[in-house]
Structure formats: structure tokens, C-alpha cells
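K.L.:
Here is my input; please provide its structure:
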Amino acid sequence: MCSSLTRTLDRQIESIKVFLSAVQPKNKAALLFITNDAPFLLQKLPSASSEVQVYQDRDFGLRDAFGAPRCCEKWQLYNGSGQLSATGDFDSGDGASQLRSLIDGEGAYSSSVLLGVLKALHAQGRFQRFNTGARPERKAMVVMLHSVCTGCGSGSLVEALNTYAARDHDISYVAVVPNSFKGIDIINLKTNLGLSFAVVPANDSLSWEWQRLEKQYGERMINGSVIALDDDQPIGVADDMESTARLRETLRNR
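P.N.:
Next up is the predicted model:
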């Protein structure tokens, strides 16, 4: 794993701390951090084990050797043969499940994991009904939001859903947040994002599963997931803009 870091990227430092606390592979893995300010990173990180190494790289030599981009901070995972297997943004997720998948063969996260959890809740009669009273339609698109960054993917997704909600008069649109959100948090979220649709807290069952999935796979993987419902039955989950557009078309054509 490699990354470049600067003094101004405290959010990425926090993400690295989450990563180090979450990664507990059964087999040995080495963690290499490449930075232009090694003393600063070492000061910020918790006590490092022998598997965690921090290297100074002011002239991009090491980053170039690993194929790490100069323009931005990324994590990269390499298998035992030195082949690049995955990459991602430090400030949008911790990559812990990807590392455990690579090292220990643990199944990595995909939208089908969340869909399976939601279908199980529905079969047990514990899945949440998203009846906001605004529309009586049987079809719904529900977006799971733990946090929203207006300048990144989650913000763009919310903008797209706002547009869809204005066009789709036969589909209800709803944002669901963890049940730890207070009333004022929900009001602020709806107001700050200019949402044209309802924001509701998750019920206890959905919140518990949501928290469990975030702990296992990282908040980024679950945040912004879009669920398509037909008569309260989960029929699909999207995890990016393109898959959300496809899922919307699938739901409209049912």
C-alpha cells in the first residue's frame, strides 16, 4: 500500500488511523506509506508495528516506482507477486475489506452483499416500510446516507436523485439516515442539500445491519447506496451514478 500525504490532509490521516485499526488479516501484510513529510506522518499515526513503514519521498521517485499518481493521494494493494490488485482514495474509504480479501481470501464488498442483507430483513418481516405519505406509489428509490460531501461523488448522487424525483411521478424518493441522527440533524441535512424528497431515520433493524456492514467493509462502501423497492420488496442495489441510472430504468419498466 502506498500513499502521498501533505500537512493539510488531516482527513486522510484520520482515514489511515481507521484503516490501521480495522485491518487485522490472518496472514502477514506489509503496509508502506510514501509521503513528502515522514516526520509529520509518524507523529500523527498511532504506534506502528514492524509491518508499517513510512518513507520520505520529496522528488516522487518512490511514487513513480510504484505507479502511484503524483496528483492525488491513493492507496494501492499489491499481491504476493507484486501485481497491482486494487486502488482507491484515502479520503473516501479505508480499503480494509479489500486488503483482507487479498490476503485472507475474505469476500470483498459488492452491492449484492447489501441486497442480500436487505432481502433477509424483508423475509424476516424486519425491513423498514418507507411510507412518507407524500406519494402512494408502490415503487421507491431509497438512498442510504451517513455523510454527504457536496464536492464529491455522494453530492453528485444526491443532485441526480433530486432531478429524478422531479421527473418520476410514479416513484417515491426517500433518503434514509442511521437512527443515531437527531431531528435537527435530519432537518439540516435536508435543508443544506436542498433535497426535494423526505429524509427519515432507519429503523432499529436496518440501523443495526448498517452499522455492522460499515464496521466490516467501511463507511464509504455503504454510504450512498441506492435501493430500489417494488411493493416494499428490495429488488436491487446501486453503488454509483451509472448503476443508479440503470436501476432507476429497471424500476420504471416494472
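
K.L.:
and Ser147, helix, strand or coil?
P.N.:
Ser147 carries the three-state label coil when classified by DSSP: H, G, I helix; E, B strand; the rest coil.

K.L.:
Could you measure from the residue nearest to it when sequence neighbours are not counted over to Tyr109?
P.N.:
Leaving aside its sequence neighbours, Ser147 sits nearest to Asn223 (C-beta to C-beta, 6 or more residues apart in numbering; 6.1 Å). The C-beta positions use only the backbone N, C-alpha and C, and glycine is treated the same way. Taking C-beta to C-beta, to the nearest Å as the measure, Asn223 falls 12 Å from Tyr109.

K.L.:
surely Ala30 meets Leu77?
P.N.:
No. The criterion here is C-beta atoms under 8 Å, and Ala30 misses it with Leu77 at 11.2 Å.

K.L.:
What is the neighbour count of Phe197?
P.N.:
A total of 22 residues lie near Phe197 under the criterion other C-beta atoms under 10 Å.

K.L.:
Show me the shaky parts of the stretch 151-254 of the chain.
P.N.:
151-154 (pLDDT under 70).

K.L.:
That one: helices as residue ranges?
P.N.:
With DSSP state H, counting those that start in this stretch as the criterion, the stretch 151-254 of the chain has helices at 153-167, 183-193, 204-217, 219-222, 241-252.

K.L.:
Buried residues, the second one. List them.
P.N.:
Pointing back at helix 183-193 there. Judged by neighbour count using 16 or more other C-beta atoms under 10 Å, the buried positions of helix 183-193 are 186, 189-190, 193.

K.L.:
go on, stretch 198-212?
P.N.:
Result for stretch 198-212 [16+ other C-beta under 10 Å]: buried residues 198-203, 206-207, 209-211.

K.L.:
mind putting the residues you listed in TSV, distance to Arg252 included?
P.N.:
Shown next, in TSV, are those (distance: C-beta to C-beta, whole Å):
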residue	distance to Arg252
Ala198	20
Val199	23
Val200	23
Pro201	27
Ala202	25
Asn203	27
Leu206	25
Ser207	29
Glu209	27
Trp210	27
Gln211	32
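
K.L.:
For His122, which of the helices of the stretch 151-254 of the chain is the nearest?
P.N.:
helix 204-217 (10.3 Å; C-beta to C-beta).

K.L.:
helices or strands up against the closest one?
P.N.:
When contacts are defined as 3 or more C-beta pairs under 8 Å, 6 or more residues apart in numbering; DSSP states H and E, helix 204-217 packs onto helix 96-104, helix 111-123, helix 219-222.

K.L.:
tell me the most buried of the ones you listed?
P.N.:
helix 219-222 (a mean of 22; mean count of other C-beta atoms under 10 Å).

K.L.:
Which strands and helices lie in contact with it?
P.N.:
By 3+ C-beta pairs under 8 Å, 6+ apart, helix 219-222 packs against helix 204-217.

K.L.:
which residues touch the helix it packs on?
P.N.:
With contact meaning C-beta atoms under 8 Å, 6 or more residues apart in numbering, helix 204-217 is reached by 22, 96-97, 109, 113-114, 117, 121, 126-128, 144, 146, 176, 178-180, 201-202, 221-222.
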